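K.L.:
Just the structure for this:
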Amino acid sequence: MKFFASCGKGLEYLLADELVALGCTRATAAMAGANVEGSALDAQRAVLWSRLASRVLWPIAEFDCPDEHALYAGAAAIDWPQHLAQGDTVAVDAHVSGDAITHARYAAQRVKDAVVDVMRARTGSRPDVDVEAPDLRLNLVVRKGRAIVSIDLGGGPMHRRGWRSKQGEAPLKENLAAAVLMRGQWPKVYAAGGALLDPMCGSGTLLIEGALMAADVAPGLQRHGNGVPTRWLGFDASSWQQLVDAARAREATGMNALRPAFFGSDLDPHAIRAAQDNAVLAGLAGVIDWRVGDIRSLEAPGTAESESAPGLVVCNPPYDARLAADAALYRGLGDSLKRTVPEWRASLLCGDAELARATGLRAGKKYQLFNGAIECTLIVCDPVAPPQRERAADEPAPTLSEGAQMVANRLRKNIRKLKSWREREHISCYRAYDADLPEYSAAIDVYVTDEATPRTFLHVQEYAAPADIPEAVQRKRLNELLAAARDVFAVPRENVALKTRARGKGGSKYGQFDSRGELVTVREGDARLRVNLFDYLDTGLFLDHRPMRLRIGAEAEDTRFLNLFGYTGAATVHAAVGRARSTTTVDLSATYLEWCADNLRENNVGGTRHRLVQADALTWLEADTQQYDLIFCDPPTFSNSKRAEDFDVQAEHVRLLRAAVERLADGGVLYFSNNFRRFRLDQAAIDQFAECVDISAQTIPPDFERDARIHRCWRLRRLA
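P.N.:
I've put the predicted structure just below:
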């Protein structure tokens, strides 16, 4: 006979292989399932043993179905008393496509009507409908004018194993969990003595499925073991019982031999309690080591077996609308795995390809799977952190082109020049190159993370080339610059954030950026700050303003600090860490204010003393009545927004500074800066209400000396 086993999209080839391994004569992958050849006993064995199938459908009729009348007639022609006993309940699941019949629920209703009418005419009584637990569950498929009516031998969704009493916010179906384990070659890993780890285990689906797989427990045993999965009259109950008896014998042997090789942790204690309860119901009490813990404090499992044989990490980190995807969380997962289990294999079900890349892990294989309607990316890494190949003593170093070598030499010269300053001032984020060689026109900034094991990132911004330079020459020079930078700083390609120029209408403009959503934390003085190197043109931290921020931190103690056009709040953090009495940060962008809040939290700063105000800075300032001891004002050159009037720093700076000086307390200081290269301060107008001193030279750091016009800065005090 030919029958059909359905599954989630992306599991078809795995399912076909599984069914052949279970004894079916043949199985061919189809859309969302497999077409199978085999006996009725093979189909029953699939119901009991398939870990991947969603349903096993045994066809009983196929007929032309051009319309609803043909559907009813075809269903009514089936000899239903051969399939359904008097008094049994029935349910119909339908799937339709095409123009003739478009509503699945209506199609199911018509088949149900046919069953009821035939049974009433032949037996004198009509069957009741039970959609939850019917005695006979039917399946209808209408496609291309043909209808197939099948018996659902499993009686319902086979991913339900029968042990789940509690689930997390976004539960993973058990058959999808089985696919994650199989793609990670879990049976082979376990046989070799390896362990299984899920560092974000939720309600425990992956670990419970993995333990039952290792113990050779049939996935349908708990679901159907105390009875038959269907009361279809064609179902061979005697053969089913023999299959169940053999499965119980294998379960007893497997559970007795099961090693304690399962480790799960989650930040949510409620999820861990749910996982523990589910494990008990699955017959795995005491088998799995459950712990409450953050991914950042992950520890390697400490069993003798796991120390001698590489294990498997499986994980389904958050990625859908109910559990918002956080690329930084994915990066933290990848970093923790590389730190704790670098030699293990990993099989990680990520939200999409971008989130998979955010882990920073190098995937040997990638698969597209569907968790319900959500398309996901499964990555398999073997191992988690491939060992770096060491160059032999007699092996020549990779050669750089002549141009790249020239850039590398200049980079090394710059690094030597800045070394003593960086060590003395503890500088970990700095500009290493700024178009020092005119042909290689770009800026290279270095960011070293503030982590137990620091990582180095490069932020490369290409400058606009003259219009007469061919595009091919530009690309060649940029590639040479990148090769030189990676060689000098010894960073992997994924740690280089590149912002390239693209020619379009109106001249050169920056092209598309990555969308990694990845933030890393760096240190500047006493402040920890979060930067995003890949997603935007700016990183969230203007390195040329480092001296200004450090000055603010040094002068902030016991002051009321105001940060106008606050951006990501780096200056606010320095003031807060410098023990300011209070801080107020004003910006029109909610995104920047949220970033500022994250920066404050990164430094354990919070409470009502630190205000975040979403408003047009100039309008808000003119309406404010409070006084401040220290004000920092670094407006953009131009700004236009639907939420506020257009702003032009040249046209509005006198009005802005007059309003800011009005808010200064006695003895207070206002620092005003901007990076508009053609800016001209209206000194005569400013002199009418403030003492103003140009301190630009004091605020340009050594790594920006090549471009002393990167910004201008003034100190203002209110006239007595």
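K.L.:
centroid residue for the protein?
P.N.:
L355 (3.8 Å; Cα atoms, centre = their mean).
K.L.:
elements contacting the helix or strand hosting that residue?
P.N.:
Using DSSP states H and E, L355 sits in helix 353-358. Helices and strands touching helix 353-358, by 3 or more Cβ pairs under 8 Å, 6 or more residues apart in numbering; DSSP states H and E, are helix 327-340, strand 374-381. Any C-beta I mention is one placed from the backbone N, CA and C, and that applies to glycine too.
K.L.:
if you set the cut-off to 10 Å instead, what comes out?
P.N.:
When contacts are defined as 3 or more Cβ pairs under 10 Å, 6 or more residues apart in numbering; DSSP states H and E, helix 353-358 sits against helix 327-340, strand 345-350, strand 365-371, strand 374-381.
K.L.:
In TSV, list those along with mean pLDDT and distance to T699.
P.N.:
Formatted as TSV, the helices and strands packed on helix 353-358 follow (pLDDT from 0 to 100; distance: least, Cβ to Cβ, whole Å):
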stretch	mean pLDDT	distance to T699
helix 327-340	89	31
strand 345-350	95	43
strand 365-371	89	48
strand 374-381	90	46
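K.L.:
winner for burial among the ones you listed?
P.N.:
The highest average neighbour count among the helices and strands packed on helix 353-358, using mean count of other Cβ atoms under 10 Å, belongs to strand 345-350 at a mean of 25.
K.L.:
Report the mean per-residue pLDDT for the longest helix seen in the chain.
P.N.:
Determined from DSSP state H, the single longest helix within the chain is helix 402-425. Mean pLDDT, helix 402-425: 94.
K.L.:
average model confidence for the helix or strand harbouring Q650?
P.N.:
Assigned by DSSP H and E, Q650 belongs to helix 649-662. Averaged over helix 649-662, pLDDT sits at 95.
K.L.:
Restricting to C-alpha, output it in CSV.
P.N.:
The C-alpha coordinates for helix 649-662 follow below in CSV (Å, rounded to 0.1, in the frame of the first residue of the first chain):
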residue,chain,number,x,y,z
VAL,A,649,23.1,75.1,14.0
GLN,A,650,24.5,78.2,12.1
ALA,A,651,21.2,80.0,12.1
GLU,A,652,20.0,78.9,15.5
HIS,A,653,23.1,78.8,17.7
VAL,A,654,22.7,82.3,19.3
ARG,A,655,19.1,81.6,20.3
LEU,A,656,20.2,78.1,21.5
LEU,A,657,23.1,79.4,23.6
ARG,A,658,21.1,82.3,25.0
ALA,A,659,18.4,79.9,26.3
ALA,A,660,21.0,77.5,27.7
VAL,A,661,23.0,80.2,29.5
GLU,A,662,19.7,81.4,31.0
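K.L.:
By mean pLDDT, flag the weakest helix or strand of this structure.
P.N.:
Every helix and strand of the chain was ranked by mean pLDDT, DSSP states H and E. The lowest is helix 304-308, at a mean of 51.
K.L.:
and the next element down the chain from it?
P.N.:
Counting by DSSP H and E, what follows helix 304-308 is strand 312-315.
K.L.:
Tell me which strands that following strand pairs with, and in which orientation.
P.N.:
strand 196-198 (parallel), strand 345-350 (parallel) (DSSP bridges).
K.L.:
Which is the succeeding secondary structure element to the first one?
P.N.:
Sequence-wise, the next helix or strand beyond strand 196-198 is helix 205-214, with elements assigned using DSSP H and E.
K.L.:
Mind listing what's buried along that following helix?
P.N.:
Buried residues in helix 205-214, counting neighbours by 16 or more other Cβ atoms under 10 Å, are found at T205, L206, L207, I208, E209, G210, A211, L212, M213, A214.
K.L.:
Point out where the stretch 551-700 of the chain drops to low pLDDT.
P.N.:
641-644 (pLDDT under 70).
K.L.:
Please read the previous query as pertaining to the stretch 401-550 of the chain.
P.N.:
For the stretch 401-550 of the chain, the ranges with pLDDT under 70 are 501-517.
K.L.:
Could I get the full set of helices for it?
P.N.:
Here the stretch 401-550 of the chain has its helices, by DSSP state H, counting those that start in this stretch, at 402-425, 471-489, 546-555.
K.L.:
can you list those helices in CSV and add distance to G286?
P.N.:
Shown next, in CSV, are the helices of the stretch 401-550 of the chain (distance: least, Cβ to Cβ, whole Å):
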stretch, distance to G286
helix 402-425, 54
helix 471-489, 50
helix 546-555, 53
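K.L.:
which one of those lies closest to V96?
P.N.:
helix 471-489 (52.7 Å; Cβ to Cβ).
K.L.:
quick revisit: widest-spaced pair of the buried residues of helix 205-214?
P.N.:
Of all pairs in the buried residues of helix 205-214, the most separated under Cβ to Cβ is T205 and A214 at 14.9 Å.
K.L.:
so the residue nearest to the centre of the chain makes contact with L378?
P.N.:
No - taking contacts as Cβ atoms under 10 Å, L355 lies outside contact range of L378: 11.7 Å.
K.L.:
sorry, back to before: comparing the helices of the stretch 401-550 of the chain, which comes out most buried?
P.N.:
helix 546-555 (a mean of 20).
K.L.:
which other helices and strands contact the very next helix or strand once past it?
P.N.:
Reading on from helix 546-555 to the C-terminus, the next helix or strand found by DSSP H and E is strand 560-564. If contacts are counted by 3+ Cβ pairs under 10 Å, 6+ apart, strand 560-564 sits against helix 546-555, helix 570-577, strand 582-587, strand 610-614, helix 617-623, strand 628-633, helix 649-662, strand 664-674.
K.L.:
out of the ones you listed, nearest to E439?
P.N.:
helix 546-555 (28.6 Å).
K.L.:
The closest one: how far from the chain's middle?
P.N.:
36 Å (Cα atoms, centre = their mean, to the nearest Å).
K.L.:
That one to strand 560-564, inter-axis angle?
P.N.:
Per axes from the mean of the first three to the mean of the last three Cα atoms, to 10 degrees, the angle that helix 546-555 makes with strand 560-564 is 160 degrees.
K.L.:
and helix 546-555 with strand 628-633, angle?
P.N.:
Using the same axes, to 10 degrees: helix 546-555 against strand 628-633 is 170 degrees.
K.L.:
Could you measure from the closest residue to R523 other than its chain neighbours over to V460?
P.N.:
Using Cβ to Cβ, 6 or more residues apart in numbering and skipping residues adjacent in sequence, the residue nearest R523 is D450, 4.1 Å away. From D450 across to V460, the span is 21 Å (Cβ to Cβ, to the nearest Å).
K.L.:
residues contacting the residue nearest to R523?
P.N.:
S428, C429, V520, T521, V522, R523, E524, A527, R528, L529, E602 (Cβ atoms under 10 Å, 6 or more residues apart in numbering).
K.L.:
Go again with 6 Å.
P.N.:
T521, V522, R523, R528 (Cβ atoms under 6 Å, 6 or more residues apart in numbering).
K.L.:
Could you dump the residues you listed into JSON lines and include neighbour count and distance to S589?
P.N.:
JSON lines is the format used below for the contacts of D450 (neighbours: other Cβ atoms under 10 Å; distance: Cβ to Cβ, whole Å):
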{"residue": "T521", "neighbour count": "15", "distance to S589": "21"}
{"residue": "V522", "neighbour count": "22", "distance to S589": "21"}
{"residue": "R523", "neighbour count": "17", "distance to S589": "25"}
{"residue": "R528", "neighbour count": "17", "distance to S589": "22"}
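K.L.:
I'd like to know which of those is nearest to I631.
P.N.:
R528 (23.8 Å).
K.L.:
looking at it, that closest one is touching L600, isn't it?
P.N.:
No - R528 is beyond contact range of L600, at 10.2 Å (criterion: Cβ atoms under 6 Å).
K.L.:
all strands of the stretch 1-150 of the chain, in order?
P.N.:
2-6, 26-30, 33-37, 55-64, 90-96, 136-143, 146-152 (DSSP state E, counting those that start in this stretch).
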